[in-house]
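Student: I need the structure of the sequence given here:
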Amino acid sequence: MNITAFSKALYSTWIYYSPERILFDAGEGTATMLSNKIYAARYIFLTHGHVDHIAGLWSIINTRNNAMGDREKPLTVYYPEGNRGIEMYADFLKKANSELKFKLEFIGIKSTEKVPLRDSGSFTRYIQPFPVSHTYSEISCGYHVIDVRRKLKDEYRHLPGEEIAQLVKEVGANEITETYEKKILTISGDTILLRKEDIRNTDVLFHECTFLKKEDRKFNNHASLEEVIELVKDTQIKTLVLYHISSRYVMGLEKTLRKIEIPGIKILYVHPEKIFEM
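Tutor: Residues are numbered from 1 along each chain as shown. As a prediction, this is how the structure comes out:
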């Protein structure tokens, strides 16, 4: 999957998906921890405007503008349309960095929009934002990375391989196949909890898990371990990555999560004090 991430609730959160050079959120210290990888980033997708998810933007922009590497690669920052906190911060960043050597764009997107990543004819991949519930005053979203793939039509699936190969020669692959969409990665952002329909059949789900104990939560704006575990049952996801874990749980975190088992689902977590890689 090629993902690098860091997430410590209240302090800093970012997830770097290197196949498409996408940074999901940009908390404090992102540029420092990613180092030279920050020059490769093409897109940043912000889930919401809280400081622990956007504070690193200034250092990312400044580093790319002043370092000795390639300073002409464009950078596009997508965010939930109408999020005033992000829009005001974007205005400040553009004024504070008025002599940029690269193209920087901030684009507000709706949950109905798609952001294309690749389209080579036989292979298509795009980002699909979707609304999530975090705080009453914050417009927030999560993101899917979706592949458009092809599969054999039902009437041909029983045929042996040599017959299928012959049909491809005679009528072409497009005649015996059909397209379908596959969620390969889902990022929750900060939220009380995603919906089953949002995560069903995704390969890798990053779901926030601020609280390991539901009783530690004072407000309904973050998820607990108990809720996330119940949510992912019978959703056919392959890997669950818990992140945005509160640092109050550092002691005993591994012991607690090692006890969790969900049939058919691999469970990983982003330690609040360590860089995560998969």
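
Student: centre of the chain to the top strand by length along the chain, how far?
Tutor: When the chain is parsed with DSSP state E, its longest strand is strand 140-152. Distance of strand 140-152 from the chain centroid (CA atoms, centre = their mean, to the nearest Å) equals 12 Å.

Student: could you do stretch 253-267 as well?
Tutor: Distance of stretch 253-267 from the chain centroid (CA atoms, centre = their mean) equals 21 Å.

Student: so where do the helices sit in the chain?
Tutor: Using DSSP state H, the helices of the chain run over 30-34, 51-54, 57-66, 84-96, 161-171, 173-176, 196-199, 225-232, 253-258.

Student: ok, and the closest non-adjacent residue to residue 273?
Tutor: Distances taken as CB to CB, 6 or more residues apart in numbering put residue 250 closest to residue 273, at 6.3 Å, once the chain neighbours are dropped. Where C-beta positions appear, they are placed from N, C-alpha and C, glycine not excepted.

Student: let me redo that: residue 57
Tutor: Nearest to residue 57 is residue 26, by CB to CB, 6+ apart, at 5.0 Å.

Student: quick one: contacts for the one you found?
Tutor: Contact analysis of residue 26 by CB atoms under 8 Å, 6 or more residues apart in numbering lists 14, 44, 46, 53, 54, 55, 56, 57, 60.

Student: check residue 140 and give its pLDDT.
Tutor: pLDDT, residue 140: 97.

Student: before we move on, what about the one 4 residues further on?
Tutor: Looking at residue 144, its pLDDT stands at 98.

Student: what's around it, how many residues?
Tutor: Around residue 144 sit 21 other residues, with neighbours defined as other CB atoms under 10 Å.

Student: which residues does it bridge with?
Tutor: For residue 144, the beta-bridge partners under DSSP bridges are residue 128, residue 186.

Student: does it really touch residue 128, like I thought?
Tutor: Yes: Residue 144 lies in contact with residue 128 (CB atoms under 8 Å); the separation is 4.4 Å.

Student: how far away is the residue nearest to residue 57 from residue 168?
Tutor: Remark: distance between residue 26 and residue 168 (CB to CB, to the nearest Å) = 45 Å.

Student: just residue 262 next, same as before
Tutor: Taken as CB to CB, the span from residue 262 to residue 168 is 39 Å.

Student: and the residue nearest to residue 257 when sequence neighbours are not counted, what does it touch?
Tutor: Nearest non-adjacent residue to residue 257, counting by CB to CB, 6+ apart: residue 269, 5.5 Å away. Residue 269 sits next to 209, 241, 242, 243, 245, 253, 257, 276 when contact means CB under 8 Å, 6+ apart.

Student: no further queries at this time; thank you.
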